[in-house]
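Visitor: Below is the sequence, then the predicted model.
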Amino acid sequence: MKAKRRVLFLCTGNSCRSQMAEGLLRAEAGDLFEACSAGIEPHGLNPLAVQVMAELDIDISSHTSEAVEVYADESVDVAVTVCDHAREICPVFPGVDQQLYWSFDDPAVATGTVEERLPLFRRVRDEIRSRVRDFIEEAG
């Protein structure tokens, strides 16, 4: 059996976008890929990211917010930055087969009530889901 390709999603805080990407890849192609995520400055898991993922029946509530240094000495096949800030200062991972840059708005910066912030979280989640699905199809 072919080994799973390890995909590391990177963003600034590892609280929303990279967490959602990790959860989506696991849910959609966990048999093909090992998904993980990390942040340049981990901020903890955002409860609204957990909530909008639960709307898709994907539970990320047990995910932890990791620092990118955790993966510095580990093998990564594909590194995907999901924000411009991480792209600018992301470390280089030796042996990475593929480096991808996906830029999504940061839902964590949304202001207002939960009801006012949720639409941005949902939009970003859906944009990430589309990119993850394209990635799976291209990797086919």
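Guide: In hand now; what should we look at?

Visitor: what ranges do the helices span in the chain?
Guide: When assigned using DSSP state H, the helices of the chain occupy the ranges 17-29, 47-54, 84-89, 114-139.

Visitor: roughly how far out does the longest one sit from the chain middle?
Guide: The gap between where helix 114-139 is centred and where its chain is centred comes out at 10 Å by CA atoms, centre = their mean, to the nearest Å.

Visitor: who are the neighbours of that helix, in terms of helices and strands?
Guide: Using 3 or more CB pairs under 8 Å, 6 or more residues apart in numbering; DSSP states H and E as the contact definition, the elements that helix 114-139 packs against are helix 17-29, helix 47-54. (Glycine included, C-beta is placed from N, CA and C.)

Visitor: Show residues contacting the longest one.
Guide: Read it as helix 17-29. If you take CB atoms under 8 Å, 6 or more residues apart in numbering as the criterion, helix 17-29 is touched by 7, 9-11, 33, 35-39, 45-46, 49, 52-53, 56, 58-60, 63, 65, 80, 82-83, 102, 104, 106-107, 124-125, 128-129, 131-133, 135-136.

Visitor: May I see the PyMOL selection of the buried members of these?
Guide: Selecting only the buried members of these in PyMOL, with burial defined as 16 or more other CB atoms under 10 Å, works like this:
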select buried, resi 7+9+10+11+33+35+36+37+38+39+45+46+49+52+53+58+60+63+65+80+82+83+102+104+106+107+124+125+128+129+131+132+135
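
Visitor: Spatially central residue for this structure, please.
Guide: The centroid of the chain falls nearest to Ser18 when counting by CA atoms, centre = their mean (2.1 Å).
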